[in-house]
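Enquirer: curious how this folds, go ahead:
(one chain, ligands or ions: 1)
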Amino acid sequence: MPISDRMVILGSGGARIVVARQLRASGGIWFSLAGTRFIVDPGPGALVRMTGSRHRLDPVKLSGILLSHRHLDHSGDVNNMIEAMTMGGTEPRGALFAPSDALAGEDPVVLKYVRPFLERVVTLEESGSYRLGNVVFTCPVRHQHRGEVYGFRFQIDRSQKLEARVEKAEVGTGPDAVAEDDSERSSVVGHRSSLTVSYIADTRYFPELAEHYRADVVIMNVVRPIPSNLDHLCAPDAEELVKAMQPRLTVLTHFGMKMLQVKPWVVAREMSERTGCKVVAASDGMLVDLEPLKATIPSSQFLIPNQGAA
Ligand SMILES: [Zn+2]
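Expert: Model (predicted):
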C-alpha cells in the first residue's frame, strides 16, 4: 500500500502567551510526502503530540527535522525530537536542517551532544536547495523577522527515478533502449500528480513572498488578526498573499492570543468568501490529506479534523 501524501498539524498555536499557556498546542507540522516523513518546527510538546496522535505518528520513522528559526515556539522540542528520531542515538540516522544561528554562535538551540546522533546536520541558506529522501525543498528568501528565518517550498522529487531509467536506457544502443527512455520521460514529465507545498514561517509581510512561495498548498503562520508593528503576518497580509498566489488550499496556523479571540475559523471562512480560494484554519491534531489535491475532487473532501482537538 503506497503511503498517501498528508500532513498533520501537531500544534496550531504561536507566540509567547498562547504557547506558555498552551491555549493551542505548539508542536509544529508532521509531513509525509512521497513516503518521506519529516517534522517542521517542533515547538514545545511536539514529541508528546506526535506519540499521542491518533494518526499513529512514529518519531523513529522520521527522515528529518527542519527548523525555520531558533525561536522556542518553533524549536523547543528539537533536541527531544533528535533523540526520538535516532532511538536515543543508538545508530546515526536522519537529518537536521536549520539556519546558522540555531546551530552556531553564542546561543545555539541544538545541543552539541545530540548532533552526532544525526547522519547530517545541514545549515540552511537563502536560495538554498536541499534533498530529503524523495522530497526536494528550497528556502526561497530570508524572512523579515528577528534572527535568521527561512520558510520552505517542498516538491516531490521524481528526478532520481527518471535519471535511473535514463541511465539504464543509455546503456543499450538499440531502438528498444531509446523507446524505454522516451516513454519513461514522457510519463514522468507528463504526470500531473506532482505537488508543491509551501510553508511561510514567521515574517513581516513583504510582497515578494507571493512569488517565492507560489504552490498548490500554502501554509502560513498568521499570528495576528489586524496589522501591528510586530514582525508577523496578520490576517489582511495573508489575504493579500492568497489573492496573489491563488493556492488550491491555504492553511492558516500559528495563532496568537488576539487571533484566537476572533476565532481563526471565522477569519478563514471570510477570507475564502472574499478571495474565492479555499482557506482553512488549522486546529490541533488536524490531518490534511493532500492526495485529493492531485485530482479534481472538491476541496471540502480533504479535511478530517481531530474530534478531540482543542
Ligand atoms: Zn519567531
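
Enquirer: hmm, A268 is touching A282, no?
Expert: No: with contact defined as CB atoms under 8 Å, A268 does not reach A282; the gap is 9.0 Å. C-beta coordinates here come from the backbone N, C-alpha and C atoms, glycine included.

Enquirer: compare these two (neighbour count), which wins?
Expert: In this view A268 and A282 are compared by other CB atoms under 10 Å, and A282 has more residues nearby, 29 against 21.

Enquirer: wait, isn't that one in contact with L249?
Expert: No: applying CB under 8 Å, one finds A282 not in contact with L249, separated by 11.6 Å.

Enquirer: hey, what's in contact with both of these two?
Expert: Common neighbours of A282 and L249 are not found (criterion: CB atoms under 8 Å, 6 or more residues apart in numbering).

Enquirer: quick check, V280 in contact with T250.
Expert: Yes: the pair V280 and T250 passes the contact test of CB under 8 Å, sitting 7.3 Å apart.

Enquirer: those two: who's more crowded?
Expert: Ranked by neighbour count (other CB under 10 Å), V280 and T250 place T250 first, with 28 against 23.

Enquirer: assign a three-state SS to that one, would you?
Expert: Reducing the assignment at T250 to three states with DSSP: H, G, I helix; E, B strand; the rest coil gives strand.

Enquirer: can you pull the contacts of the closest residue to it other than its chain neighbours?
Expert: The shortest distance from T250 to any non-neighbouring residue, by CB to CB, 6 or more residues apart in numbering, is to V279 (4.4 Å). Residues in contact with V279 (CB under 8 Å, 6+ apart) are A238, V242, L249, T250, V251, L252, A268, R269, M271, S272.

Enquirer: ditto for V222
Expert: With contact taken as CB under 8 Å, 6+ apart, V222 is in contact with 232-235, 237-238, 252-255, 259, 264, 267.

Enquirer: ok, F97 touching L124?
Expert: Yes: between F97 and L124 there is a contact at 5.5 Å, judged by CB under 8 Å.

Enquirer: now do the shared contacts for the two.
Expert: Joint contacts of F97 and L124 (CB under 8 Å, 6+ apart) are Y130.

Enquirer: and the residue nearest to T250, what pLDDT?
Expert: As predicted, V279 sits at a pLDDT of 98.

Enquirer: can you report phi and psi for it?
Expert: Main-chain torsions, V279, degrees, to the nearest 10: phi -130, psi 130.

Enquirer: hey, where'd the helices end up in the stretch 1-150 of the chain?
Expert: Counting by DSSP state H, counting those that start in this stretch, one finds helices in the stretch 1-150 of the chain at the ranges 16-21, 46-51, 72-75, 78-85, 100-103.

Enquirer: looking at the stretch 101-250 of the chain, which residue is nearest the ion?
Expert: Using CB to the ion, the single residue of the stretch 101-250 of the chain nearest to the ion is D202, 3.7 Å away.

Enquirer: contacts only, for that residue.
Expert: D202 touches 14, 68-69, 71, 74, 143, 145, 149, 221, 223, 231-233, 254, counting by CB under 8 Å, 6+ apart.

Enquirer: wait, a strand at it?
Expert: No: counting by three-state DSSP, D202 falls outside a strand, being coil.

Enquirer: I'd like to know which helix or strand in this structure has the lowest mean pLDDT.
Expert: Least confident helix or strand of the chain, by mean pLDDT, DSSP states H and E, is helix 175-189 with a mean of 38.

Enquirer: for the ion, what are the nearby residues on the stretch 101-250 of the chain?
Expert: Residues of the stretch 101-250 of the chain lying close to the ion by CB under 5 Å from the ion are D202.

Enquirer: low-scoring stretches of the stretch 101-250 of the chain, by residue?
Expert: 157-193 (pLDDT under 70).

Enquirer: filter the contacts of V222 down to the ones in strands?
Expert: The strands, defined by DSSP state E, take in L233, C234, L252, T253 from the contacts of V222.

Enquirer: what is the neighbour count of the second one?
Expert: The reference is to C234. C234 has 21 neighbouring residues, counting by other CB under 10 Å.

Enquirer: many thanks, have a good one.
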